[in-house]
Structures are given as C-alpha cells and as structure tokens.
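Colleague: need the 3D shape of this:
(chains A and B)
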Protein chains: 2
Amino acid sequence: MFDIEEAVDWLLRLPMNRKTEPIFLEEGYGRVAAEEIKADIMVPSFDRSAFDGYALHSEDTEGADKEHPKVFPVLGVIQAGDRIRYELPQGKAFRIMTGAPIPQGTDLVVKHEDTEFDENSVKIFRSYKAGNIMFAGEDVSEGMVLLREGDRLNPAQIGLLTGQGHDMIRAYKKPMISFLSTGNEVRDLSEPLDFGQIYNSSYYMLRGFLMKAGTRVRDFGIAGDETGDLSYRLEYMLSESDMVITTGGVSAGDYDLVPDAVRSIGGEILFSRVSFKPGGAMLAAVKDGKLILGLSGNPLAAAVGLIEVGMPYIRKLCGETDGIARKFEVILKEGFHKGSPRRRFILGKSEFSRGQIYFHPVQHQRNSTVSSLYGCDMIGEIQGGTGPLQAGESIYAHFLP
Amino acid sequence: MFDIEEAVDWLLRLPMNRKTEPIFLEEGYGRVAAEEIKADIMVPSFDRSAFDGYALHSEDTEGADKEHPKVFPVLGVIQAGDRIRYELPQGKAFRIMTGAPIPQGTDLVVKHEDTEFDENSVKIFRSYKAGNIMFAGEDVSEGMVLLREGDRLNPAQIGLLTGQGHDMIRAYKKPMISFLSTGNEVRDLSEPLDFGQIYNSSYYMLRGFLMKAGTRVRDFGIAGDETGDLSYRLEYMLSESDMVITTGGVSAGDYDLVPDAVRSIGGEILFSRVSFKPGGAMLAAVKDGKLILGLSGNPLAAAVGLIEVGMPYIRKLCGETDGIARKFEVILKEGFHKGSPRRRFILGKSEFSRGQIYFHPVQHQRNSTVSSLYGCDMIGEIQGGTGPLQAGESIYAHFLP
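Modeller: Predicted coordinates:
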C-alpha cells in the first residue's frame, strides 16, 4: 500500500499534455503563467519627483537656517507628464509636481509644505541632503525576472508586467475535469428523495475546491452500479477532458465497480488504496495519458483524498510549479483523544495568538459527514502509530486549499 | 485627521443599496449569501451502514470467540439505494453494503473482512458492541443553520446545502466598481511610452485585488489633469456603478484635482487624509449614496489604502458580514530599522515554524514601487511613535486579501 508521499510522487511524475493560450492581464488574476518574462525597461524609466515641491541642487541649500533662509528664483513648473528634459542651473529652482521628471543632474526635491513661495521664488529654511527622488530603475531594473513559468498571477505581478506595457501573456489553459458520481442510492438535486437515498452533495462540495484551484468542471451526473454503463461513461469522459474524477465505488464491496470499469477500458491502475484515513480507499489510474482519480463515496473522505493526494497533481495540471501545500507545525488547542494506528488527517480551525499558531481539532469527525468540514480552515496530520494527543502538543498542518 | 479605525467605521456606517439575485450552487463558490438557510431534513435521513459487511443485533454476538465462532443465516443483501425498510429477526443477519439502510432496530454492522462467509451464512469470531452505523441526523440535524446571510460560500457549505436538495440560493449581486486613473504622465498599455511617462499599472494591480474580493470592475481609462473632464466622468461613472475608485490626484498639489471634481458634482467629502503611511493621502466622498474612493497615485500607497481602508467597505458591499481582516501578532524575523513617527504599514512574507508565525519585512519599501509587494503575503502594522524594531519583537499583521 502506498504512503501519501509515494502516491503524490507517482502522480506528479506522470507525463502531462498541458495547453497554453494568450490571456489579457486585465483578466489575468489567478491564472498560471506559461512563460518567463523579464523586464525590458526600467521602471520608472526616468528620475521622478516623489512629492509636490521644488527641485534644487542640494549643495545650494548649504548654510540655510531659520534665521538665514535661502531664496531661489523659480524658473517654471515641471508637471507630471512633461516630456522635456530640463536642466537646472546652479542657484535656481523649478517648481515640480509628484511624478514629474527631475531636471538632469538635480538631486533634491524639497516638499512645498516645508517652503515659503510665491510665483517667482521659493524660500527654504534649512540645508538638505539629496532626497525625495525616485530614481530610474528603483522599482524594476532591466532584466529583473517579473514572472516565472508556473507562477499563479497575483496583483503585484500583474502590476509589474503592465508596468512594462505588457497587456497579454501566455498562460496555461484551465484544465477540464470530468466528474462522475456513482451509487444507486445517490440522487440528483432535481429529484425527490426516497427512503434510503441521499443527494449527491459530494459533487457540489468537491466542485468548490476544483473551482478554487482554477479548473473547469463538467458534470456527467450519477452512474448506477452497473459496470457497462460506467465503462462507456469513463471512456467518453476521458475523450472530452484532461482528467476524470469519480466518487464512490472504489472500496472492496460487490458494488464497488470503478476499478472493474477502469480495467475494462484498458486503464492502468496505479494504486487502489493509500495509507491514510479518512479517504485512503481511493484509486488512481491512467488511460491515454490522462488521470482517472476515484475518490471515496463518503463526502469528508472524498474531500481529504482530493486535497491530500489529488490536489498537487491538479495544481500541476493547471500549470503551477509548486502545487504541494505548505505544511507547518501547529499547537493543539484541545487534545485529540482517539489513537491513530494509521496516519490520520483531522479537520480543524486555526487560531493565531501572540505569535503562535493553534489548531482546534474537530472532535467527532466522521468520513461521511460534510458538517465536519464546516467552519474549518486547516487540515492537521497525525502520524500512524500515535496515541491520544494532549492540548499543547504539536502536529503538522496546512491550510485548506 | 482620521485614524484608520475611524475612517473604516465611517465607511461601514454608510447606507448601502445592495441587490440580490438567485444563483445556482453549482457555480456558487465564493458568492455571498443573502439569506439564512436552516436544515429542513436530517442528513442522512435514515440509518446507513458505514461499511460493506453484515448487519446483526449486537447482543446476538455475545460469547463468540475464535474457538467458539457464531454462525448466522444470511437473509439477503441490502444494497445502497434499497428503498425497503427491512426487519432483522433475532439470530439472523443481512449482508449489507456501504450506505445501505440498516434494518430497523439493528445496531451493528460487522465489516466483511472480519468475517467468514458464504452465500447463505456468516461466521463471526468475537463479540461486538453496537457500531459501524451512521445514524440519521448524524451529519445534519433538523433546524441546524447551514448558511447565514453574509457568509461567503465555501465548499463545505455548498455540500451542506445541496445535501438538503437545494440547487439555488439567493446571493448578493457582485457590485460593479468603476475605476478611473488620473495623471497626465499616465499612459494606457496600448500606447508607446515617452520620456516622463509611466504605464497605468496601478489599475491592473488593484483590479486583481478587487477581482479576488468578488467585485466586477469597469475601466474608465485615464483622465488628464483637468477638472471639467474629471467631473463629467465621475458623474457618469456613479450613474453606471455601485462605487467609484480613482487613483492619483488626491494630495495637496496644484494638479491634485479629484477633490475639486468631487465637490463640483455635489459630492460630500468624508475625509481627504487618513493617518497612516503609505497611502494616507486618500479621499472618501459620497454622492447619491455611493462611495467615491480616491487612492494615491503611487502604486504601493494605493494598494495599502485600498486594503486597509477600502476593503472592509468593499467586502460589505459584496454582502459579507465580516469584512475586516483578522489581525494577529507575528514575530519579526528581521529588524525594521526605520522609526515610525506615524502609523506605518509594511509589506512582508510569512514564515511558519514550530508553531510560531514569523514576519520577514520588506526593508526598502517605497510608496511608488510595485516590486515591494512582490512575493509578500502579509501586511504588518507599526504604531505611530515607534522607534526602530529588532528581530524577535512582535507586531500585528494580517494576510493580504
């Protein structure tokens, strides 16, 4: 039986056929870059004033104080957007606006509120060192890497790229994931619920995680527990998408038929069980270079399987370079009194307090309950062979994706 | 001059005209609920088997052990989706599949891997207490609040709501924000850059934050530094949207004309400066019950102003009940050597280690640099009147929205 790390590693080493497309940066938030972009131009491309005030040569201010202010004739106003490269003779000043180009060789802007001025002159009351100038290249220097292939675009990167004048970049296409629910007891939302039946809420819940990860999802409804039907659907779904996810039908019962259906269409099963709870009863198979991920029919178990085993692969399928969740130690705020003979994931809620990260575990977590996930923002991890845990002990955890 | 808390409070107390619409839960991830929903039905609605195995009365297993196994006749198979309420006579067993309805009054399922069985009988090798049954209402009890007005829908809530058979809910419409950049030096991405000019990268960066918050954004381009033009645009933008954001033109210079334009269209200015750096030179005004938020022309200052002052209002405009970022203490990983006579926000990067939250501050942060934001995931806060800070000292911080 695979450990999670082995299972994830297997999936990440599968060859992938990812497609790219040009996108507008205006709509680019959250998209994944398919190219590296370096800065072609410095930003800003010229020395700019950081404030409204007066451009001066700092050495001209030497010796000024309250009793002996210095007065400079003002040669004119430099406005933001002025395209003239002014020169500032020694002993003179320009009035200058925020963002306007500094006269060549000038090293100082004195804020207007620190001066007395009329239209033709400005008076200063102390000596100044060079300052209040934003120099060319101070934000972005030429050749600086602004975007790496596999980065998920955040606002700062969008700012840096558009600062260069880029309006489009090449990004990975959002992968299409086909989703199939199985189980004779599972009913679609449009149908009334009879005794012995449940709604396919797992699909809608898992779709939320997939949407957040940046995939598209196509729903193929609910398949009954008959292999024939399932095989046809799986084959069709594979042809229509980049990956297939199923729920239910993966454990060892008579009616757990996803593995049979996968075999019948010539799929190669990579693993059919991973060593953790809840959700370890899950299957991964490959057919035509595409992954079929079979998750548990129990909602919480399916969510944990998707997040812990499926998500790094799905993030890579989206184009991301680093799709493995950042794990770190957290301090248990309450104990967790069940022993964990096998590796166990527990849902929980973070609390940040005085520089420390605490974890409130959900106490009565069950594989089949969605409500265990409600209000949680983290998943904690208890190593196999661990006894009951006390408040104050540490476990590893990561944020929900 | 307002403190941030006063400014935020002012904005949050403004009357708002938010609209709602029905949405499909299938596309509901990240939308904000406009209604409370309680559970109408228990989930599951019947007692279900948690495993594939055999349904038995636990008292019938008493006295069984390896040497003296007990054998039960098997009356039949109960499959998931079976709509018959079976009864199990004392001393008998049903084969039962995961998710199938438990026979009435039965309290035990023994996993099939713990038994020996043929078609007609099952043998068990120890005595059992009641167990392996998921009882009706164990996930969701009747009357449980599944959704509160103002909640931003997460996967768990979508699962809980669809588990009830809901396919639609009422949500708040995504607000439309009109965006206007000002400044004679600012150029659109489609234009070549001359000496003294910069691209309007602030718009694209801030749009990223707004998209993530769940608003729609309409770009009204760049206005030159002429009041007339600006007034017309502001008035038009207000009529076309729920809120207006501008960049540039809000500080005290001759060409900072947003306040004049706001006044000329009869807008009531709430504040035109907030006491923090960078970005405190910002304006809030109301006209026809809609907010005009004037941000700094410097990209980083604009981002901090948007996040610290604007975001709680924008989240509320989206419908969220609790839009104020969660702040907590973090430990400085490196010192911050500048004093902070006024309240100052510094960008930084989080590090989680051994149950503690560290903060790596950006050292040479400048109002006008986008690159200061690159790689950061947090904003830290230094109170006014604070001297240089050493590594190991604590400050308050929150995650970037």
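Colleague: what segments of the stretch 301-401 of chain A are strands?
Modeller: For the stretch 301-401 of chain A, the strands defined by DSSP state E, counting those that start in this stretch cover A:328-332, A:344-353, A:356-361, A:378-382, A:394-399.
Colleague: kindly report the same for the stretch 1-150 of chain A.
Modeller: A:20-24, A:37-38, A:48-49, A:53-56, A:70-78, A:93-96, A:108-111, A:116-117, A:121-124, A:133-134, A:145-147.
Colleague: can you put these in JSON lines and add distance to chain B, mean neighbour count and mean pLDDT?
Modeller: Any C-beta I mention is one placed from the backbone N, CA and C, and that applies to glycine too. Shown next, in JSON lines, are these (distance: least, CB to the nearest CB, whole Å; neighbours: other CB atoms under 10 Å in any protein chain shown; pLDDT from 0 to 100):
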{"stretch": "strand A:20-24", "distance to chain B": "10", "mean neighbour count": "14", "mean pLDDT": "98"}
{"stretch": "strand A:37-38", "distance to chain B": "13", "mean neighbour count": "16", "mean pLDDT": "98"}
{"stretch": "strand A:48-49", "distance to chain B": "7", "mean neighbour count": "24", "mean pLDDT": "93"}
{"stretch": "strand A:53-56", "distance to chain B": "9", "mean neighbour count": "26", "mean pLDDT": "96"}
{"stretch": "strand A:70-78", "distance to chain B": "8", "mean neighbour count": "17", "mean pLDDT": "96"}
{"stretch": "strand A:93-96", "distance to chain B": "8", "mean neighbour count": "27", "mean pLDDT": "96"}
{"stretch": "strand A:108-111", "distance to chain B": "10", "mean neighbour count": "22", "mean pLDDT": "96"}
{"stretch": "strand A:116-117", "distance to chain B": "12", "mean neighbour count": "14", "mean pLDDT": "94"}
{"stretch": "strand A:121-124", "distance to chain B": "14", "mean neighbour count": "18", "mean pLDDT": "96"}
{"stretch": "strand A:133-134", "distance to chain B": "5", "mean neighbour count": "22", "mean pLDDT": "94"}
{"stretch": "strand A:145-147", "distance to chain B": "8", "mean neighbour count": "19", "mean pLDDT": "96"}
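Colleague: near chain B, which residues of the stretch 251-400 of chain A? Just list them.
Modeller: Residues of the stretch 251-400 of chain A lying close to chain B (CB under 8 Å from any CB of the partner chain) are A:251-256, A:297, A:299, A:303, A:326, A:328-331, A:352-357, A:366-371, A:373-376, A:394.
Colleague: domain parsing for chain A?
Modeller: Per the record, chain A has its domains at A:4-18+A:173-317, A:20-42+A:139-172, A:48-134, A:328-399, by automatic domain parsing.
Colleague: in JSON lines, list those domains along with distance to B:K338.
Modeller: Below are those laid out as JSON lines (distance: least, CB to CB, whole Å):
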{"stretch": "domain A:4-18+A:173-317", "distance to B:K338": "38"}
{"stretch": "domain A:20-42+A:139-172", "distance to B:K338": "19"}
{"stretch": "domain A:48-134", "distance to B:K338": "14"}
{"stretch": "domain A:328-399", "distance to B:K338": "22"}
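Colleague: those domains: which one's closest to B:G30?
Modeller: Closest approach to B:G30 among those is made by domain A:4-18+A:173-317 (7.5 Å; CB to CB).
Colleague: could you give the mean pLDDT of that closest one?
Modeller: What domain A:4-18+A:173-317 shows for mean pLDDT is 93.
Colleague: same question for stretch A:394-401.
Modeller: 97.
Colleague: buried ones in that stretch?
Modeller: A:S394, A:I395, A:A397, A:H398, A:L400, A:P401 (16 or more other CB atoms under 10 Å in any protein chain shown).
Colleague: so what's A:G150 up against?
Modeller: A:V32, A:A33, A:G319, A:E320, A:T321, A:D322 (CB atoms under 8 Å, 6 or more residues apart in numbering or on different chains).
Colleague: give me the pLDDT for the second one.
Modeller: So that's A:A33. In this model, A:A33 is scored at 98, pLDDT.
Colleague: does it touch A:L146 like I think?
Modeller: No. With contacts defined as CB atoms under 8 Å, A:A33 does not count as touching A:L146, sitting 9.8 Å away.
Colleague: quick one: the helices in chain A?
Modeller: All helices of chain A, identified by DSSP state H, fall at A:4-12, A:155-163, A:201-213, A:227-240, A:258-264, A:299-305, A:311-317.
Colleague: looking at those helices, which is buried most?
Modeller: helix A:299-305 (a mean of 30; mean count of other CB atoms under 10 Å in any protein chain shown).
Colleague: got the contact list for that one?
Modeller: Helix A:299-305 has contacts (CB under 8 Å, 6+ apart) with A:201-202, A:205-206, A:209, A:247, A:274, A:276, A:278-282, A:295-296, A:345, A:347, A:365-370, A:372-373, A:379, B:155, B:159.
Colleague: try stretch A:257-266
Modeller: Looking at stretch A:257-266 with CB under 8 Å, 6+ apart, the contacting residues turn out to be A:182, A:225-227, A:230-231, A:234-235, A:238, A:246, A:248-250, A:269, A:272, A:283, A:285, A:287, A:292, A:294.
Colleague: ok, 7 Å please
Modeller: A:182, A:225, A:227, A:230-231, A:234-235, A:246, A:249-250, A:269, A:272, A:283, A:285, A:287, A:292, A:294 (CB atoms under 7 Å, 6 or more residues apart in numbering or on different chains).
Colleague: same check, this time on stretch A:377-389
Modeller: Contacts with stretch A:377-389, where a contact means CB under 7 Å, 6+ apart, come from A:307, A:330, A:332, A:335-350, A:359, A:361, A:395-400.
Colleague: and the spatially most central residue of chain A, bridged to which residues?
Modeller: Nearest residue to the geometric centre of chain A (CA atoms, centre = their mean): A:R152, 5.8 Å. When assigned by DSSP bridges, A:R152 has beta-bridge partners A:V32.
Colleague: contact partners for it?
Modeller: Listed by CB under 7 Å, 6+ apart, the contact partners of A:R152 are A:G30, A:V32, A:E320.
Colleague: could you export those residues as a markdown table, including neighbour count?
Modeller: Listed next are these as a markdown table, based on neighbours: other CB atoms under 10 Å in any protein chain shown:
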| residue | neighbour count |
| --- | --- |
| A:G30 | 16 |
| A:V32 | 26 |
| A:E320 | 19 |
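Colleague: which one of those residues is nearest to chain B?
Modeller: Lowest distance from chain B to the contacts of A:R152 (CB to the nearest CB) belongs to A:G30, with 7.5 Å.
Colleague: give me the distance between the spatially closest residue to A:A261 that is not a sequence neighbour and B:I331.
Modeller: Nearest non-adjacent residue to A:A261, counting by CB to CB, 6 or more residues apart in numbering or on different chains: A:L230, 3.8 Å away. Distance, A:L230 to B:I331, by CB to CB, to the nearest Å: 53 Å.
Colleague: over to A:I169?
Modeller: The gap separating A:I169 from B:I331 is 37 Å, by CB to CB.
Colleague: who has more neighbours out of those two?
Modeller: Set A:I169 next to B:I331 and count neighbours by other CB atoms under 10 Å in any protein chain shown: A:I169 wins out with 22 against 19.
Colleague: quickly list what the more buried one is bridged to.
Modeller: In beta-bridge terms (that is, DSSP bridges), A:I169 pairs with A:I23.
Colleague: so what pLDDT did it get?
Modeller: 98.
Colleague: please report how far it lies from A:P341.
Modeller: Between A:I169 and A:P341 the distance is 49 Å, computed by CB to CB.
Colleague: surely A:M282 touches A:G297?
Modeller: No. In this structure, A:M282 is not within contact of A:G297 by CB atoms under 7 Å, at 10.6 Å.
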